[in-house]
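Q: Here's a sequence, model it:
(one chain, ligands or ions: 3)
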Amino acid sequence: MNASICKRLEWSRLDEARREAVLVRPVEARAPEVGEAVAGMLADIRERGAAALREYTRRFDGAGEDVLADFRAGADEFAAAADALSPTLRAAIDEAAVRIELFHREGMAQPYGVDTADGVRCERILRPIERVGLYVPAGSAPLPSTALMLGIPARLAGCREVVLCTPPRHDGSADPAVLYAAARCGIDTVFKLGGVQAIGAMAYGAGGVPRCDKLFGPGNGWVTEAKRQVSSAAGGVGVGIDMPAGPSEVLVIADAGANPAFVAADLLSQAEHGPDSQVLLLSEDAALLDAVAAGIETQLAALPRADIARKALQSSLLVQVESLDQAFEISNRYAPEHLILALRDARSQLPKVRVAGSVFLGDWAPEALGDYCSGTNHVLPTGGAARFCSGVSVASFQVAITVQEVSAAGLAVVGPCAAELAAAEGLDAHRRAVTLRLEAAA
Ligand SMILES: NC(=O)c1ccc[n+]([C@@H]2O[C@H](COP(=O)([O-])OP(=O)(O)OC[C@H]3O[C@@H](n4cnc5c(N)ncnc54)[C@H](O)[C@@H]3O)[C@@H](O)[C@H]2O)c1
Ligand SMILES: N[C@H](CO)Cc1c[nH]c[nH+]1
Ligand SMILES: [Zn+2]
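A: Ligands and ions are numbered 1, 2, ... in the order given. Below is the predicted model of the structure:
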């Protein structure tokens, strides 16, 4: 293969420091400079509101006030968007929506309750988050599928107000497929704002965008950093966020029987997202690694986004491992957003997966299916966040509230336990809140 594209490594030859270094995401390298720029922009949006949003929209999205008088997409723009799409694209969006809804509805959490003692009823009930803000990327490629991945669970959760932001095109319009997908989810509040502008507007309330309780959605390094910063506002709780869902990643574990063209296509499908994407292939089989490297070269030649993919491939890896167990060790350590098991009996290996955003079993489950229409959610943790975060689900749009109902008889059973613990903690008001009632009930 052309050595200038993916790096080729043998894991057993790397010392620990080198192993650590090769698994670093490309986006991490630029983190300090992006962090500083984002902080400045957010402060500016907070201070100057719509004027700052306008300035950044002109600078980063190329849409000035001459073409974007109002950030909000009007009813006429929604209507024109639906007309602008081919019937086959409308049908594909509708079809994907049905399967995404089916999967997400099936996984909805249920409220529950249990008597933890006679007369002590404990429950956990669910409520939708009131006002949620969805971000749908459109920097280099508008992603109507993301509108479905966020809009459908938001609607199933019953969120009262759903606001969606997406970058405008140069002519000041929103991507028609994004508008159609939003409308398909019952969303009519769409603002043509991208990047840090969108996140700042939804977090603080600016430019007519209402201040939201929780922000959702993927994006490039600027979007992800902006979400991180608004969620950790000094001196307050800031705004909630779903997770770090940054530049796309895929890790493939393939055996000698895997189809090299399929594997190359899967790696390229994530590399083409953006220059900060990262793709990894792990295999015991040197011949497979060679064949995939060659397949990448061949397929790249036919890709319209080859330049973007090439940049991502520069920080991507083809790794020869000593065993399948070693491949799973590396994968669990890397915590990939997507994990493809291109193995002969992939299902039997699933127990070895401890960490991943979404797993694709066998040769016939390309990652692109999860992106669009298998039914699972494509908004997934990146950058290793799969160690502690899950992809978007209906639960992401809900809060759980616990409830307890206690009778006098119930208090008599559990009250002495509370009084003892309160005394041990030296919190006498706590103890008395219990003992006063025990005495009154006696
Ligand atoms: N993890 C996931 O679940 C998931 C899902 C889908 C997409 N993605 C990722 O989303 C990303 C989409 O990226 P995109 O760029 O195409 O669209 P985007 O909408 O995320 O970003 C575009 C915005 O970036 C801002 N921007 C660009 N350059 C900037 C700069 N120098 N300074 C400040 N702001 C700047 C602009 O405001 C622009 O509107 C890709 O990285 C893709 O891999 C991730
Ligand atoms: N692969 C992306 C998540 O990392 C999602 C996506 C949307 N459209 C195409 N792909
Ligand atoms: Zn994708």
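Q: ok now do residue 162, which residues does it touch?
A: Residue 162 sits next to 131-132, 134, 151, 154-155, 185-187, 189 when contact means C-beta atoms under 8 Å, 6 or more residues apart in numbering. Where you see a C-beta, it was placed from the backbone N, CA and C, and this is true even at glycine.
Q: now swap in residue 324 and tell me
A: Per C-beta under 8 Å, 6+ apart, neighbours of residue 324: 253, 255, 284, 343, 349, 352.
Q: just the buried members of those?
A: Listed as buried from the contacts of residue 324 are 253, 255, 284, 343, 349; burial here means 16 or more other C-beta atoms under 10 Å.
Q: The residues you listed in helices, which ones?
A: Among the buried ones among the contacts of residue 324, the members falling in helices (DSSP state H) are residue 349.
Q: one step back: which ones among the contacts of residue 324 map onto strands?
A: residue 253 (DSSP state E).
Q: CSV please, covering the contacts of residue 324 and showing distance to residue 229 and pLDDT.
A: Output for the contacts of residue 324, formatted as CSV (distance: C-beta to C-beta, whole Å; pLDDT from 0 to 100):
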residue, distance to residue 229, pLDDT
253, 35, 98
255, 43, 98
284, 42, 98
343, 40, 98
349, 39, 98
352, 36, 98
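Q: closest to ligand 1 among the contacts of residue 324?
A: For these, the residue nearest ligand 1 by C-beta to the nearest ligand atom is residue 253; the value is 20.0 Å.
Q: The residue of the stretch 201-350 of the chain found nearest ligand 2 and ligand 1, how far apart?
A: When scored by C-beta to the nearest ligand atom, the stretch 201-350 of the chain has residue 248 as its residue closest to ligand 2, at 3.3 Å. Residue 248 sits 3 Å away from ligand 1, going by C-beta to the nearest ligand atom, to the nearest Å.
Q: And residue 435, by the same measure?
A: For residue 435, the distance to ligand 1 equals 52 Å [C-beta to the nearest ligand atom].
Q: What residues does the stretch 1-150 of the chain have near ligand 2?
A: Applying C-beta under 6 Å from any ligand atom, we find that the stretch 1-150 of the chain lies next to ligand 2 at 143, 145-146.
Q: residues in the stretch 51-200 of the chain within reach of ligand 1, list them.
A: 60-61, 137-141, 143, 146, 167, 194-197.
Q: And the furthest pair within the buried ones among the contacts of residue 324?
A: Farthest-apart pair in those is 284 and 349; separation 13.1 Å (C-beta to C-beta).
Q: Please give the number of neighbouring residues around the residue nearest to residue 69 when sequence neighbours are not counted.
A: Leaving aside its chain neighbours, residue 69 sits nearest to residue 172 (7.8 Å; criterion: C-beta to C-beta, 6 or more residues apart in numbering). If you count neighbours by other C-beta atoms under 10 Å, residue 172 ends up with 20.
Q: For residue 172, list the residues it contacts.
A: Counting by C-beta under 8 Å, 6+ apart, residue 172 touches 63, 66-69, 192.
Q: gap between it and residue 222?
A: 21 Å (C-beta to C-beta, to the nearest Å).
Q: again with residue 199
A: Using C-beta to C-beta, residue 199 is found at 9 Å from residue 222.
Q: residues touching the closest residue in space to residue 360 that isn't next to it in sequence, list them.
A: Leaving aside its chain neighbours, residue 360 sits nearest to residue 340 (4.5 Å; criterion: C-beta to C-beta, 6+ apart). Each residue near residue 340 by C-beta under 8 Å, 6+ apart is listed here: 250-254, 263, 266, 359-360, 365-367.
Q: what phi and what psi does the backbone show at residue 340?
A: Per-residue torsions, residue 340: phi -110, psi 130 (degrees, to the nearest 10).
Q: ok, it to ligand 1 distance?
A: 16 Å.
Q: Quick check: pLDDT value at that residue.
A: Note for residue 340: predicted pLDDT of 98.
Q: I'd guessed residue 382 sits against residue 250; true?
A: No. Using C-beta atoms under 8 Å, residue 382 is not in contact with residue 250, being 10.5 Å away.
Q: tell me, what's touching these two both at once?
A: Shared contacts of residue 382 and residue 250 (C-beta under 8 Å, 6+ apart): residue 337.
Q: quick one: the strands in the stretch 251-400 of the chain?
A: Assigned by DSSP state E, counting those that start in this stretch, the stretch 251-400 of the chain shows strands spanning 278-283, 317-320, 338-342, 358-361, 398-406.
Q: all strands for the stretch 1-150 of the chain, in order.
A: Per DSSP E, counting those that start in this stretch, the stretch 1-150 of the chain carries strands over the ranges 7-10, 112-117, 120-128, 131-135.
Q: Sheet-wise, list the partners of the first one with their directions.
A: By that I understand strand 7-10. Here strand 7-10 has these sheet partners by DSSP bridges: strand 317-320 (parallel).
Q: so what pLDDT did the residue lying closest to residue 248 once chain neighbours are set aside get?
A: Of all residues beyond its chain neighbours, the one nearest residue 248 is residue 273 (4.2 Å), with distances taken as C-beta to C-beta, 6+ apart. On pLDDT, residue 273 comes in at 97.
Q: One more: the one 10 residues further on?
A: According to the predicted model, the pLDDT of residue 283 comes to 98.
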